[in-house]
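Chemist: Sharing a model prediction with you, sequence too.
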Amino acid sequence: MTDSTRAAKAAQPAPKLEIRDLCKSFGALKATQGASLSILPGELHALIGPNGAGKTTLISQLSGEILPDSGQVLLDGHDITRLPAFKRAAAGLARSFQISQLYPEFTVEDNVAMAVQAHAPQRYNLWRSARRDPQLREPARAALARVGLQDRAAVRVSDLAHGEKRQLELAIALSLNASVLLLDEPMAGLGAEESLRMKDILMDLKGRYAMLLVEHDMDIVFALADRVTVLVYGKPIFTGTPAQVREHEEVRDAYLGRE
Ligand SMILES: Nc1ncnc2c1ncn2[C@@H]1O[C@H](COP(=O)(O)OP(=O)(O)OP(=O)(O)O)[C@@H](O)[C@H]1O
């Protein structure tokens, strides 16, 4: 190691989330093969790669929905590899909810309040409706404001546009006192205008949360990410700034294509 690399390493803050040599097979298929990467405090780290590269499988191992065969996941230096998903969420690691987990007949604010209540039921009065409990409404409103949905709080989820439902998923993740956000294709199914709104929201969250973003739209990835990791056949082949990724020959060949 040269003096300058040693100095650069020493200057780097401790990772918020660290993934060490993670492996996961489905039968003969190696979906994750020795994946290592770190997400620094406040960093927006994008994970890109071709279809089937193992991006969602990796995120699921971080959120605790899938257990790895080997390797480690560390949150703030603590080994959480074998912790169940709800304990990881309680420790501040939140995966953006899926639209399918929303309650369409309830209002936007009720959905967030119920998520807050479900997250820490012992702290709240279960006999009181979530919609009347100020301890639930306050964090719910704060999270809605952070994603620009404050004016839609009283609207039923079934009446939201698709992009607004995606904003609501993000608000739910934020309402759970998260410090690390796992975002698996937050722009999926959004129109151009809705994608731009989501991009602005993520830009606004940048620096306040450590985020791992899986996204296929390279314009958005390159505009938002501090660093990008390229995954091919379940293995990171390169991590660098957007400019370094663009210049990297193997990455251009494997994924971006030559212009
Ligand atoms: N539960 C499972 N059982 C068997 N194979 C699986 C399972 N989940 C994923 N796979 C396989 O693992 C590989 C990685 O899938 P994964 O969905 O993680 O890729 P991805 O990079 O997220 O793809 P995409 O960009 O298309 O969403 C694929 O070949 C997929 O078919």
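Modeler: Now that the structure is in, tell me what you want to look at.

Chemist: what does this structure put close to the ligand?
Modeler: With CB under 6 Å from any ligand atom as the criterion, the chain comes near the ligand at residues 26, 29, 31, 49, 51, 52, 53, 54, 55, 56, 57. All C-beta atoms are positioned from the backbone trio N, CA, C, and that covers glycine.

Chemist: Neighbour-wise, which one of those residues leads?
Modeler: Using other CB atoms under 10 Å as the neighbour criterion, residue 54 leads those with 26 neighbours.

Chemist: Make JSON lines from the residues of the chain next to the ligand and add secondary structure and pLDDT to it.
Modeler: Shown next, in JSON lines, are these (DSSP: H, G, I helix; E, B strand; the rest coil; pLDDT from 0 to 100):
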{"residue": "26", "secondary structure": "strand", "pLDDT": "96"}
{"residue": "29", "secondary structure": "strand", "pLDDT": "95"}
{"residue": "31", "secondary structure": "strand", "pLDDT": "96"}
{"residue": "49", "secondary structure": "coil", "pLDDT": "91"}
{"residue": "51", "secondary structure": "coil", "pLDDT": "89"}
{"residue": "52", "secondary structure": "coil", "pLDDT": "92"}
{"residue": "53", "secondary structure": "coil", "pLDDT": "93"}
{"residue": "54", "secondary structure": "coil", "pLDDT": "95"}
{"residue": "55", "secondary structure": "helix", "pLDDT": "95"}
{"residue": "56", "secondary structure": "helix", "pLDDT": "94"}
{"residue": "57", "secondary structure": "helix", "pLDDT": "95"}
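
Chemist: Domain ranges for this protein, per the record?
Modeler: 16-92+179-259, 99-177 (automatic domain parsing).

Chemist: quick one: which of those has the weakest pLDDT on average?
Modeler: For the domains of the chain, mean pLDDT drops lowest on domain 99-177, to a mean of 84.

Chemist: other SSEs contacting the strand or helix carrying residue 117?
Modeler: Following DSSP states H and E, one finds residue 117 within helix 108-119. For helix 108-119, the packing partners by 3 or more CB pairs under 8 Å, 6 or more residues apart in numbering; DSSP states H and E come out as helix 134-146, helix 162-175.

Chemist: any chance of the ones you listed in CSV, plus mean neighbour count?
Modeler: Below are the helices and strands packed on helix 108-119 laid out as CSV (neighbours: other CB atoms under 10 Å):
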stretch, mean neighbour count
helix 134-146, 18
helix 162-175, 22
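
Chemist: In TSV, list those helices along with distance to residue 75.
Modeler: As requested, the helices and strands packed on helix 108-119 are exported to TSV (distance: least, CB to CB, whole Å):
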stretch	distance to residue 75
helix 134-146	21
helix 162-175	15
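
Chemist: Which among those helices is found nearest to residue 13?
Modeler: helix 162-175 (22.1 Å; CB to CB).

Chemist: which secondary structure elements does the closest one contact?
Modeler: Helix 162-175 is packed against strand 93-95, helix 108-119, helix 134-146, strand 180-184, helix 192-205, with contacts defined by 3+ CB pairs under 8 Å, 6+ apart.

Chemist: just these: most buried one?
Modeler: Burial of the helices and strands packed on helix 162-175 is given as mean neighbour count (mean count of other CB atoms under 10 Å); strand 93-95 ranks first at a mean of 25.

Chemist: average pLDDT for that strand?
Modeler: Averaged over strand 93-95, pLDDT sits at 91.

Chemist: That strand: partners in the sheet, and parallel or antiparallel?
Modeler: Taking DSSP bridges as the criterion, strand 93-95 sits next to strand 180-184 (parallel) in its sheet.

Chemist: Alpha carbons of the strand it pairs with, in CSV - could you do that?
Modeler: What follows is strand 180-184 as a C-alpha-only set of coordinates in CSV (Å, rounded to 0.1, in the frame of the first residue of the first chain):
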residue,chain,number,x,y,z
VAL,A,180,-29.7,3.0,6.4
LEU,A,181,-32.2,2.8,3.5
LEU,A,182,-32.3,-0.1,1.0
LEU,A,183,-34.0,1.0,-2.1
ASP,A,184,-34.8,-1.6,-4.7
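
Chemist: Brilliant, that's me finished.
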